[in-house]
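**Q** I'll drop the sequence and a predicted model, then ask my questions.
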Amino acid sequence: MIEVELKGYADDEIFNRVRRKYEFLRRELHEDVYYRHPCRDFSKTDEALRIRVKRFDGHFEAFMTYKGPKLDEESKTREEIEVELTEPDVHAKILKKLGFTEVLRVVKRREKYFVEKGIVVTLDEIEGLGKFIEIESLVEDETAVPELVEKLRSVLLSLGVRRFERRSYLELLLREAGNGKA
């Protein structure tokens, strides 16, 4: 699948517009641990490998996700391969045994809202970065991406987003720390 995603900087006003306009789904706490490949520089190949633990409603889910290079110049659209994990700590241990090292942990508080079938908007508060809004959908065919990007952009613009961001939270946090290497 191809994840089509746009992200923008947000504030309380944008958060409140989303809360008034769209159907609330749930609150989540995400802890994402990103890994460095032992032989390949993901910052140069524009890839990412992470383990995400997602907590909500007294439950947790965990996933290992590979994100391929971005596919266009405007959005964060990329191939995403994801597998559910039952024991994330054991999977992390396997990665370490194979030479992968932890780059950074990204902690976010997320609210998810239903926009329409197949489209979800999230309100994110990222430790060390602040407030953001994301909107995303999935497609199977890469030719559908440009039209979907424009549709998602128009939703964000209608909510008051004026500044968009293509970099991942990982990239932004590494920049803040003065270390651009993933």
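**A** Structure's in. What do you need?

**Q** switch to C-alpha atoms for all contacts and neighbour counts from now on
**A** Noted.

**Q** what's near enough to touch Val145?
**A** Residues near Val145 by C-alpha atoms under 8 Å, 6 or more residues apart in numbering: Val4, Thr77, Val139.

**Q** State whether the first one is indeed within a strand.
**A** Yes: for Val4, which was evaluated using DSSP: H, G, I helix; E, B strand; the rest coil, the result is membership in a strand.

**Q** hang on, it packs against Val139?
**A** Yes: the pair Val4 / Val139 is scored as a contact, 7.3 Å apart, by C-alpha atoms under 8 Å.

**Q** Mind checking which of those two has more residues around it?
**A** Val4 (27 against 16; other C-alpha atoms under 10 Å).

**Q** Can you give me every residue that contacts that one?
**A** Ser75, Lys76, Thr77, Arg78, Glu136, Ser137, Leu138, Val139, Val145, Leu148, Val149.

**Q** next one: Arg110
**A** Arg27, Glu28, Leu29, His30, Thr122, Leu123, Asp124, Glu125.

**Q** The strand or helix carrying Lys108 pairs with which strands?
**A** Using DSSP states H and E, Lys108 sits within strand 101-116. Strands that pair with strand 101-116, judged by DSSP bridges, come out as strand 23-36 (antiparallel), strand 119-126 (antiparallel).

**Q** now the longest helix along the chain and strand 101-116, what's the angle there?
**A** In the chain, with assignment by DSSP state H, the single longest helix is helix 145-158. Angular relation of helix 145-158 and strand 101-116 on a 0 to 180 degree scale: 80 degrees, by axes from the mean of the first three to the mean of the last three C-alpha atoms, to 10 degrees.
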